[in-house]
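S.K.: below is the sequence, then the predicted model.
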Amino acid sequence: MSASSLNRRRILSLWLPRLPIDRIQRFLQMGSGSPDEPSIVVAKDNNALVIHALDEAAERLGLHIGQPLANARAMCPDLKVFDADAVADAKTISDIADWCDRFTPLVALDPPHGLFLDITGCAHLFGGEAALLQTLVRALGRQGFAVSAAIAGTSVCARTLTRQASGSIVADGGEAAAISRFPVSALGAGETISTGLRRAGLKTIGDVASRTPSEITARFGARFSTLLAHALGQGDAPINPRKPLPDYIVEKRFAEPIATDTMIAMTLSRLADTLIASMEKQGKGARRLEAAFFRTDGAVRAIMVETGRPVTRSAVVDRLFRERLDALADPLDPGFGFDMVRLSASRTEIVVQEQRDLDAHVHDNDELAALIDRIAARIGGKRVVVHLPEDTHIPECAVLAAPAQHHLAVALQAEWPARTESEPPLRPLRLFDKPEPINVPFATVPDGPPHQFTWRRALHAVVRVEGPERIAMEWWRQDGKQLTRDYFRIEDAEGLRFWIFRDGLYEGECFDDDGKPAPPGWYVHGLFA
């Protein structure tokens, strides 16, 4: 065998031709019902209801996909009819794809009801390609799905075989011979091209392959010519996996499923040791980790944790996942048990060595980063934030709230405006999400403060005022739609201190719908402690 053939891919194609009706029957627990009860799924096509999917009993009665519902009812008055649900079908095929991750991390969707699995180099782990194919078909069959599967060197060839010769396994280089007898419609090129080929006397794929590529391209286009070449094993387009391939993966399979919290924790701890050891050999640490739990009934549950700094100790990984598992709103349900647990590092970084013995700041930063990671594992990384100064004088834009795990180092080095000793702050520490309007009956014109105002149905008499602080909006961003603001620090008779502003100048900025001068609006933007 040549080196080039050893590097060729092996693609397993799965097709679930009756997925819509199988999904409904599983939900209604009708999978073991009488075969004399035909069922179909209908969808609207050109304002008419037609058969979208049907079970084996309906197919035996002569019904077919695309047949109008009225005709089907005339043939079978006792027909069970269900409405199509494309969203539920997509969710089902996605769940099946998650389950297929146990065989290979490279799983791609093949719409509408198919999957591609890149099993290159991993089939031997399951007893070979034939054993792997049978395992998939039998497992999905037990779940109530009709399945067709095939293996070939290209995705197009494997897909064609699932529609014409389920169970086929084509050796590398045998794609052309394996599909030559099939009709041209099996390529899935569309009705227009298939009809054109038949009219030209090319009824089978072998007939089309006997013509020169230039002849096929000139008549049917380069896209079909490329599709044909891929079907014949002459190159192949890469599949598009649903998930990116993690940098490191370790997993544990069980002959007897596990279900207890103790066994799950022990398994994660051992996998963490193996994963960290693998990354340590290349001087890397994990920033994003995912634990996937595969149940015996096909359900898959994935849990992810992120870290602010590259993790190089398995004890840290173990502690983060314990925190995450303890904080789950939807507890991990083992059902009848997990038969496989996988731990992967989807994001890693090279570990930079630091002088830690003499630098107390490094130790403090490490402890702070570890605390943030533990809190984020419990409540979510987006809820733990740091505030960063922004280069703008607009108050609501002057501070950016960013996830602490990814911006801790920047936050520790951020430079904030210096505060004058023994002086009150110029602005509140926290502002309202949106400035709240206040009612000002009268104020000193043109740029003076109000004498009193009403906010939240309470009247406040102004006794002390500092300001104004005039802030003009950024003209290069707001296109003249935002007005100049005059901010005031206000204290009322009860000692409450407010930060309010007048939105717009009395002359030249505020106009009504008729273009006449109008009084500006007043708002409270924050409160001083």
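M.R.: It's in. Numbers count the residues shown, from 1 in each chain.
S.K.: mind listing the helices for the stretch 51-200 of the chain?
M.R.: Here the stretch 51-200 of the chain has its helices, by DSSP state H, counting those that start in this stretch, at 56-60, 69-75, 86-100, 129-142, 155-164, 175-179, 191-199.
S.K.: for the last one, list every residue counted as buried.
M.R.: If I follow you right, that is helix 191-199. For helix 191-199, a neighbour-count test (16 or more other C-beta atoms under 10 Å) marks 193, 194, 196, 197 as buried. Bear in mind the C-beta positions are built from the backbone N, C-alpha and C, glycine included.
S.K.: which one among these gets closest to residue 450?
M.R.: Nearest to residue 450 among the buried residues of helix 191-199, counting by C-beta to C-beta, is residue 193 at 75.5 Å.
S.K.: TSV please, covering the buried residues of helix 191-199 and showing pLDDT.
M.R.: Output for the buried residues of helix 191-199, formatted as TSV (pLDDT from 0 to 100):
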residue	pLDDT
193	89
194	88
196	90
197	89
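S.K.: and the residues you listed, which two are the farthest apart?
M.R.: Those two in the buried residues of helix 191-199 that are separated most widely, counting by C-beta to C-beta, are 194 and 196, at 7.3 Å.
S.K.: from the buried residues of helix 191-199, which is closest to residue 526?
M.R.: The shortest approach to residue 526 among the buried residues of helix 191-199 belongs to residue 193, at 66.0 Å (C-beta to C-beta).
S.K.: tabulate the helices of the stretch 51-200 of the chain (JSON lines), appending distance to residue 371.
M.R.: Formatted as JSON lines, the helices of the stretch 51-200 of the chain follow (distance: least, C-beta to C-beta, whole Å):
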{"stretch": "helix 56-60", "distance to residue 371": "59"}
{"stretch": "helix 69-75", "distance to residue 371": "62"}
{"stretch": "helix 86-100", "distance to residue 371": "33"}
{"stretch": "helix 129-142", "distance to residue 371": "44"}
{"stretch": "helix 155-164", "distance to residue 371": "47"}
{"stretch": "helix 175-179", "distance to residue 371": "57"}
{"stretch": "helix 191-199", "distance to residue 371": "62"}
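S.K.: winner for burial among these?
M.R.: Highest mean neighbour count among the helices of the stretch 51-200 of the chain (mean count of other C-beta atoms under 10 Å): helix 155-164, with a mean of 24.
S.K.: pLDDT (mean, whole number) over that one?
M.R.: Mean per-residue pLDDT for helix 155-164: 94.
S.K.: can I get it in CSV, CA atoms only?
M.R.: What follows is helix 155-164 as a C-alpha-only set of coordinates in CSV (Å, rounded to 0.1, in the frame of the first residue of the first chain):
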residue,chain,number,x,y,z
SER,A,155,-18.0,12.1,1.3
VAL,A,156,-19.9,12.3,-2.1
CYS,A,157,-19.4,8.6,-2.8
ALA,A,158,-20.3,7.6,0.7
ARG,A,159,-23.5,9.7,0.5
THR,A,160,-24.4,8.1,-2.8
LEU,A,161,-24.0,4.7,-1.4
THR,A,162,-26.3,5.4,1.6
ARG,A,163,-29.1,6.2,-0.9
GLN,A,164,-28.5,3.2,-3.1
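S.K.: which residues are in contact with that helix?
M.R.: 11-15, 110, 114, 116, 148-152, 168, 170, 175, 178-179, 182, 186-188, 205, 227, 230-233, 236-237, 239 (C-beta atoms under 8 Å, 6 or more residues apart in numbering).
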